[in-house]
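>>> No sequence on hand, only this structure:
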Ligand SMILES: Nc1ncnc2c1ncn2[C@@H]1O[C@H](COP(=O)(O)OP(=O)(O)OP(=O)(O)O)[C@@H](O)[C@H]1O
């Protein structure tokens with residue numbers, strides 16, 4: 001569904017250049033529900049903007065649904081944004097119009113495409129669990145309910161890809177969980193591919209795969225050992241796993257053979273004061289040893 005290779009984004013301001021993405025590789029399968037995590041400034045929103053066609057990469061490859069976004073003309077981008085992707089933002093003022101009802105808010109993007117709307121808008125509001133609130137103005141809804149309307153709007157034009165930037169950032173834990181469960185339900189029921197950018201490790205636990213970005217590059221991947229549905233059923237029978245056991249962490253090995261050692265591992269005394277490691281192959285494994293240099297001084 002998504003294939004990025006060596007993606008670079010440089011922002012040029014009056015007197016400086018910021019390299020927000022530094023050769024990022026990422027593949028997302030069709031129908032995946034995945035999260036991108038990373039510290040502030042690591043490049044998460046930049047990546048999401050590239051995936052959504054809101055901004056153009058400076059270099060690299062970016063294919064979504066086998067379409068090469070780097071070759072898109074302005075007209076192709078408008079069509080892509082309108083038909084292929086849906087967005088959900090943390091700040092739902094970006095998605096919603098407060099003085100319109102929930103129903104009118106969902107109808108609006110469909111009107112812009114000249115489509116049959118009322119029935120579909122009602123279906124969408126039902127799908128996000130808001131059939132009892134269709135006539136309420138946005139200003140009369142809670143934060144979680146507004147975010148559900150935002151998700152219904154994002155789905156209005158039947159996109160194949162849903163991009164969410166900190167969608168639970170302004171919600172309390174219980175409401176965040178409900179919104180996340182909704183993402184999961186939609187992912188399973190309509191098979192839509194969902195990419196969520198987040199700081200929230202709890203949110204990251206609820207998806208099948210988490211990709212970590214550091215300094216504009218993918219640095220690690222956590223892949224769920226047990227499906228989320230299985231984990232929930234285990235919770236019911238009180239055989240819950242430890243948090244740390246729900247995902248396996250992988251370091252990312254890039255095409256040039258570069259590997260980023262996970263944060264914390266290099267704090268081991270034997271590795272701490274050297275910028276070299278000895279690399280050996282043993283029984284089909286690649287093993288890293290502290291370099292001899294450290295021992296000899
Ligand atoms: N329009 C822009 N012009 C100049 N620099 C930018 C622009 N947008 C982002 N940057 C810079 O690019 C880098 C990556 O920013 P980005 O917003 O993608 O990070 P992020 O991981 O989403 O951070 P956060 O979690 O704080 O939102 C930062 O150094 C940021 O200051």
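Great, that's in hand. None of these values were measured; they are calculated from a predicted model.
>>> switch to C-alpha atoms for all contacts and neighbour counts from now on
Noted.
>>> and residue 5, what element?
strand 2-12 (DSSP states H and E).
>>> centre of the chain versus that strand, how much separation?
Relative to the centre of its chain, strand 2-12 is centred 16 Å away, using Cα atoms, centre = their mean, to the nearest Å.
>>> Show me which residues of stretch 169-187 are buried.
Across stretch 169-187, burial judged by 16 or more other Cα atoms under 10 Å covers 171, 175, 176, 177, 179, 180, 182, 183, 184, 186, 187.
>>> Is the fourth one in a helix, a strand, or coil?
Each residue gets one of three states, and residue 177 gets helix by DSSP: H, G, I helix; E, B strand; the rest coil.
>>> where does this protein have low pLDDT?
For the chain, applying pLDDT under 70 flags the ranges 92-94, 114-116, 225-246, 292-297.
>>> ok, the strand holding residue 5: who's next to it in the sheet?
Using DSSP bridges, strand 2-12 pairs in its sheet with strand 17-28 (antiparallel), strand 59-64 (antiparallel).
>>> can I get those strands in CSV with mean neighbour count?
Formatted as CSV, those follow (neighbours: other Cα atoms under 10 Å):
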stretch, mean neighbour count
strand 17-28, 18
strand 59-64, 19
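>>> okay if I get those strands as JSON lines plus distance to the ligand?
Shown next, in JSON lines, are the strands paired with strand 2-12 (distance: least, Cα to the nearest ligand atom, whole Å):
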{"stretch": "strand 17-28", "distance to the ligand": "4"}
{"stretch": "strand 59-64", "distance to the ligand": "15"}
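>>> near the ligand, which residues of the chain?
11, 18, 20, 38, 39, 40, 41, 42, 43, 44, 45, 46 (Cα under 6 Å from any ligand atom).
>>> Switch the strands paired with strand 2-12 over to JSON lines; also include distance to residue 213.
Output for the strands paired with strand 2-12, formatted as JSON lines (distance: least, Cα to Cα, whole Å):
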{"stretch": "strand 17-28", "distance to residue 213": "9"}
{"stretch": "strand 59-64", "distance to residue 213": "17"}
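>>> Ok, which of these comes nearest residue 219?
Residue 219 lies closest to strand 17-28 among the strands paired with strand 2-12, at 9.3 Å (Cα to Cα).
>>> if we can go back for a sec, out of the buried residues of stretch 169-187, which is nearest to residue 224?
residue 184 (14.3 Å).
>>> Tell me how many other residues crowd the closest residue to that closest one other than its chain neighbours.
Of all residues not flanking residue 184 in the chain, residue 33 sits nearest, at 7.3 Å (Cα to Cα, 6 or more residues apart in numbering). Counted by other Cα atoms under 10 Å, the residues lying close to residue 33 total 24.
>>> circling back: nearest approach to residue 263 belongs to which of the strands paired with strand 2-12?
So among the strands paired with strand 2-12, strand 17-28 is nearest, using Cα to Cα, at 18.6 Å.
>>> any idea how far the closest one is from the chain center?
14 Å.
>>> Check stretch 63-80 too.
20 Å.
>>> All the strands of the stretch 151-297 of the chain, residue numbers only.
In the stretch 151-297 of the chain, the segments counted as strands under DSSP state E, counting those that start in this stretch are 161-165, 193-198, 209-214, 217-224, 247-251, 277-282, 285-290.
>>> cool, the stretch 1-150 of the chain as well?
Under DSSP E, counting those that start in this stretch, the stretch 1-150 of the chain gives strands at 2-12, 17-28, 33-37, 59-64, 67-68, 85-89.
>>> So which bits of the strand holding residue 5 are buried?
Quick answer for strand 2-12 (16+ other Cα under 10 Å): 2, 3, 4, 5, 6, 7, 8, 9, 10.
>>> now stretch 185-196
186, 187, 191, 192, 193, 194, 195, 196.
>>> for the buried residues of stretch 169-187, which one is nearest the ligand?
The shortest approach to the ligand among the buried residues of stretch 169-187 belongs to residue 171, at 16.3 Å (Cα to the nearest ligand atom).
>>> Would you agree the residue nearest to residue 184 is in contact with residue 208?
Yes. With contact defined as Cα atoms under 8 Å, residue 33 counts as touching residue 208 (6.3 Å).
>>> how much space between residue 3 and residue 28?
Distance of residue 3 to residue 28, given as Cα to Cα, to the nearest Å: 7 Å.
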